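**Student:** Sequence first, predicted coordinates after that:
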Amino acid sequence: NGGEMTLKKLSTICNGGGNSIPLGVKFKNWISSFPGIILDGQTVRLSKSSTTSDNRLFEIIKSHGGKVSLKTLSSSYCNGGTQNIPRGVKFKSWISSIPEIMIEGETISLKVPSPSGNEGMTIAQQREAANSFKTASTTKPTLITSDKQLLEISTRDVFFTSSFCPDESQLKYAAINCETLEKNILLIEIWTNSRCYIIDCTEVDPKTAVDAMKDMLSNAYIVKFVFDYHSFAQLLCFHDGFPLIRSMFDIQLAIELKTGNLNSKVSQALRFFDMPTSTSWSLRSSAFSRRPMTNEIIEKAAHRCYIIWAIGMKIANESDSYCFSNDELRIVQRASDLRSGQSKRESSFDLSNSFQAGSLELLEARQANFLVAKPIEVFTEWDDILRILPPNISTRVQEIGTDDISEIILDFGEKPCCWKSGERVFLDDANLVEQSHIDAVIDNIGSFGTDNRAGLERQLHRISCMPNRSNVIYALTIRLGRYVNGNADMIKDLLLATDRSILFLGEPGCGKTTIVREVTRILSMNDNVCVVDTSNEIAGDGNIRHHCIGYARRMMVNTLNDQANVMIQCVQNHTPSVMVIDEIGCPLEVEAARTCKQRGVRMIASAHGDLRKLIKNPKLVGLVGGIETITLGDEAAKEEAKKKNQSSMSKLKRQRSGEPAFDIIIELSRERRDEWIVVFNSGSAVDAVLEGGQYQVQRRLRDPVTGKFGITEDEN
């Protein structure tokens, strides 16, 4: 299979993995024990060292000085590419499967593996790389732990002084990396041609370090290689109000341009350039926080920076940059220049490429057609609320300002108050709420339903009441409804580029309903969307829906107990392509959501809590597949305990029992309204939680003033 195949296919060929495998050992674990095998996720590859090669083929290439044309090699080696080649396989395809061979267009050259593990280089490149690795292994990093030591080095090293100004043909290169922990700078690492400096920022003020480096950072003739500049942008971004770093080249942007992977890691860059993996990048940041630092940690820090330098030199070397055209290098340089003036990570979506997420700087440098961020617009429609309130309270609300008021509370015999920006604000210190005040409000609104909720005609506000035992209403909660244009822009890729079902999770008051309204409007532009509106909170009260949900239709629900039935009726009678439900809260509604999903309807809904709390909620866990407990056999129980590093084994195991009704989960927070946590694979996340581990998430952070947002990868 060309040296590569899927784990499943290989297992099938080996009769399900049971052929010659020790009892109780999984096929995946068994196959990974072979020294000639590389296991990459669900893909199995032969390691390059295990592949035998044809010495005669190499002799022909060497006789032509290490490079030969494809046509010449085909003619010299096998008379047109037929000798020793499997039937039906072209010579070029066959030759490219030999790991020691490099093909550049119609030219063939040899790759020479080095003792350090560098593979994928020509002989000339290997010689240079070998010298570089020799330098890396013999160069001892200089640890700087005082201002005095830093001053001495910065005055004598040419890389730190402003006098270094060669012509453009003599560009110099350096790599810069920072170790951070909870936004605190621990180390600054600098790698030049033959020097490595490590500045200990627990001993040296980071600002002092930047002052010492500013000539080097601003020198346009020194190319500074970095990887993910945003990880330490707050340190290097600005100096006296102006961008400090010039001629920066962010390797992360280069990898994104070639692979399309946003926020790629150093390990991905090493694989891309066919360079050896490094254990130094597997260290957690906390390893660099312990003092005093061991020699091993110092060397690891130096090696991390060296790897960035080595990757950068591979790109800078003209013979190595066969994978980057000059235009692509200019795009990356332009994007790096744009990034150097930004302290926050900014992302957007490529509208011409199925809303693929990308770095804003790279999208701008490519002149792509991307989503332009706009400030979000909040609409509350206060007039009707002010009209139904008692005059003294209405006047007071206007005095304190209506922005950020979420609720107004009228309790008989108590001071009227409201919740504004998370704090209680009293609206009248002298007068208490009278029953006549409450009755006057009730007279101006619609009737209360069985859920003790009412609304205003074609308005999004919700009025909830508290009746006493005689069914006399003695308290009101007036919750202000809003619609926010642009509120869902940072998840447009999830809405418009996929048809996956989305569940919004969060505590009360975090903005779930407001987001669901905007999501409904966006989807209704192109899809047949139907809202199952339990308390008329999404589309407002009355027979005419509020304009904020666009072209979506709305089905009202008479009582909360009817919601599940109405969901099924909606599918059967009105054939929507998308169904929107606010606040799924009972097992009947969970089962109805699963049924609708199975009938091909895309589901958009909200519920209380977060993913981990949802898993613990027996009534709602069915939204993410449900949980069952199974009994393991002795061998399986031992394997499970070993996998979890547990001293005692248990024969009971909790696992997901079915497919989730919602593919994507978005977690919201009342305290961080502009930071959304996106779980792309709810099933895998549930499996990880049940195994006691963490799951992959995206954090999307928005600037509410500009509407710009950034996307980062994380674990939860």
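**Tutor:** Sure thing, it's come through. Please read all numbers here as calculations on a predicted model, not as lab measurements.
**Student:** Please name the nearest non-neighbouring residue to residue 711.
**Tutor:** With C-beta to C-beta, 6 or more residues apart in numbering as the criterion, residue 711 has its nearest non-adjacent residue at 4.3 Å, and that residue is residue 347. The C-beta positions use only the backbone N, C-alpha and C, and glycine is treated the same way.
**Student:** Quick one: neighbours of that neighbour, just the number.
**Tutor:** 26 (other C-beta atoms under 10 Å).
**Student:** For it, which residues are in contact?
**Tutor:** By C-beta atoms under 8 Å, 6 or more residues apart in numbering, the residues touching residue 347 are 262, 357-360, 709-711.
**Student:** Reformat the residues you listed as CSV; add neighbour count.
**Tutor:** CSV is the format used below for the contacts of residue 347 (neighbours: other C-beta atoms under 10 Å):
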residue, neighbour count
262, 19
357, 25
358, 25
359, 25
360, 23
709, 25
710, 20
711, 21
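**Student:** Look up which residues are beta-bridged to the residue nearest to residue 711.
**Tutor:** Beta bridges link residue 347 to residue 359, residue 709, judged by DSSP bridges.
**Student:** Show the backbone phi and psi for the closest residue to residue 540 other than its chain neighbours.
**Tutor:** Leaving out its chain neighbours, the residue that sits closest to residue 540 by C-beta to C-beta, 6+ apart is residue 546, at 3.7 Å. Backbone torsions of residue 546, given as degrees, to the nearest 10, read phi -70, psi 140.
**Student:** Is residue 546 in contact with residue 457, as I believe?
**Tutor:** No. Judged on C-beta atoms under 8 Å, residue 546 makes no contact with residue 457 at a distance of 10.1 Å.
**Student:** Give me the more crowded residue out of the two.
**Tutor:** The residue with more neighbours, out of residue 546 and residue 457, is residue 546; 19 against 12, by other C-beta under 10 Å.
**Student:** ok, now how distant is that one from residue 533?
**Tutor:** Residue 546 sits at a distance of 10 Å from residue 533 (criterion: C-beta to C-beta, to the nearest Å).
**Student:** Give me the common contacts of these two.
**Tutor:** Common neighbours of residue 546 and residue 533 (criterion: C-beta under 8 Å, 6+ apart): residue 539.
**Student:** all helices in the stretch 351-500 of the chain, in order from the N-terminus.
**Tutor:** 360-365, 383-388, 391-400, 435-443, 492-496 (DSSP state H, counting those that start in this stretch).
**Student:** Give me whichever of those helices is most buried.
**Tutor:** helix 360-365 (a mean of 23; mean count of other C-beta atoms under 10 Å).
**Student:** average model confidence for that one?
**Tutor:** Across helix 360-365, pLDDT averages out at 94.
**Student:** got the phi/psi numbers for the residue nearest to residue 384 when sequence neighbours are not counted?
**Tutor:** Sequence neighbours aside, residue 456 is the residue nearest to residue 384 in space, at 5.3 Å (criterion: C-beta to C-beta, 6+ apart). Note on residue 456: its backbone torsions stand at phi -110, psi 140 [degrees, to the nearest 10].
**Student:** What is the burial count for residue 456?
**Tutor:** Neighbours of residue 456 under the rule other C-beta under 10 Å: 23.
**Student:** So it is in contact with residue 537, correct?
**Tutor:** No. Applying C-beta under 8 Å, one finds residue 456 not in contact with residue 537, separated by 11.7 Å.
**Student:** so how far is residue 470 from the residue nearest to residue 540?
**Tutor:** Distance, residue 546 to residue 470, using C-beta to C-beta: 35 Å.
**Student:** just residue 272 next, same as before
**Tutor:** Look at residue 272 and residue 470: by C-beta to C-beta, they are 74 Å apart.
**Student:** again with residue 72
**Tutor:** Separation of residue 72 from residue 470 (C-beta to C-beta): 102 Å.
**Student:** next one: residue 408
**Tutor:** Separation of residue 408 from residue 470 (C-beta to C-beta) stands at 25 Å.
**Student:** Give me the pLDDT value at the nearest residue to residue 481 once chain neighbours are set aside.
**Tutor:** Once flanking residues are discounted, residue 481 sits nearest to residue 460: 2.8 Å by C-beta to C-beta, 6+ apart. Residue 460 carries a pLDDT value of 90.
**Student:** Can you show me the strands along the stretch 201-350 of the chain?
**Tutor:** Taking DSSP state E, counting those that start in this stretch to define them, one finds strands in the stretch 201-350 of the chain at 222-226, 238-239, 242-243, 248-250, 347-350.
**Student:** Make TSV out of the ones you listed and add distance to residue 180 and mean pLDDT.
**Tutor:** As requested, the strands of the stretch 201-350 of the chain are exported to TSV (distance: least, C-beta to C-beta, whole Å; pLDDT from 0 to 100):
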stretch	distance to residue 180	mean pLDDT
strand 222-226	13	90
strand 238-239	17	46
strand 242-243	20	49
strand 248-250	16	92
strand 347-350	20	94
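**Student:** In TSV: these, plus distance to residue 421.
**Tutor:** Below are the strands of the stretch 201-350 of the chain laid out as TSV (distance: least, C-beta to C-beta, whole Å):
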stretch	distance to residue 421
strand 222-226	39
strand 238-239	30
strand 242-243	35
strand 248-250	38
strand 347-350	28
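**Student:** which is the next helix or strand following the worst-scoring helix or strand of the chain on mean pLDDT?
**Tutor:** Least confident helix or strand, the chain: helix 123-138 with a mean of 44, by mean pLDDT, DSSP states H and E. Sequence order places strand 142-144 as the next helix or strand after helix 123-138, per DSSP states H and E.
**Student:** Partner strands of that following strand, with direction?
**Tutor:** Strand pairing for strand 142-144, determined by DSSP bridges: strand 196-200 (parallel).
**Student:** Show me where the stretch 201-350 of the chain dips below the pLDDT cut-off.
**Tutor:** 234-244, 318-322 (pLDDT under 70).
**Student:** ok, now the stretch 51-200 of the chain?
**Tutor:** For the stretch 51-200 of the chain, applying pLDDT under 70 flags the ranges 51-59, 62-66, 77-90, 93-100, 105, 110-139, 158-159, 161-171.
**Student:** please redo it, this time with the cut-off set to 50
**Tutor:** By pLDDT under 50, the low-scoring segments of the stretch 51-200 of the chain are 51-53, 80-83, 86-87, 112-137, 166-169.
**Student:** pretty sure residue 716 is in contact with residue 695, am I right?
**Tutor:** Yes. Look at residue 716 against residue 695 with C-beta under 8 Å: they come within range, at 5.9 Å.
**Student:** What are the buried residues along the longest helix along the chain?
**Tutor:** For the chain, the longest helix by residue count, based on DSSP state H, is helix 295-316. For helix 295-316, the neighbour count (16 or more other C-beta atoms under 10 Å) marks 297-316 as buried.
**Student:** So in terms of bridging, what pairs with residue 457?
**Tutor:** Assessed by DSSP bridges, residue 457 has beta-bridge partners residue 541.
**Student:** Now do the contacts for it.
**Tutor:** 446, 540-542.
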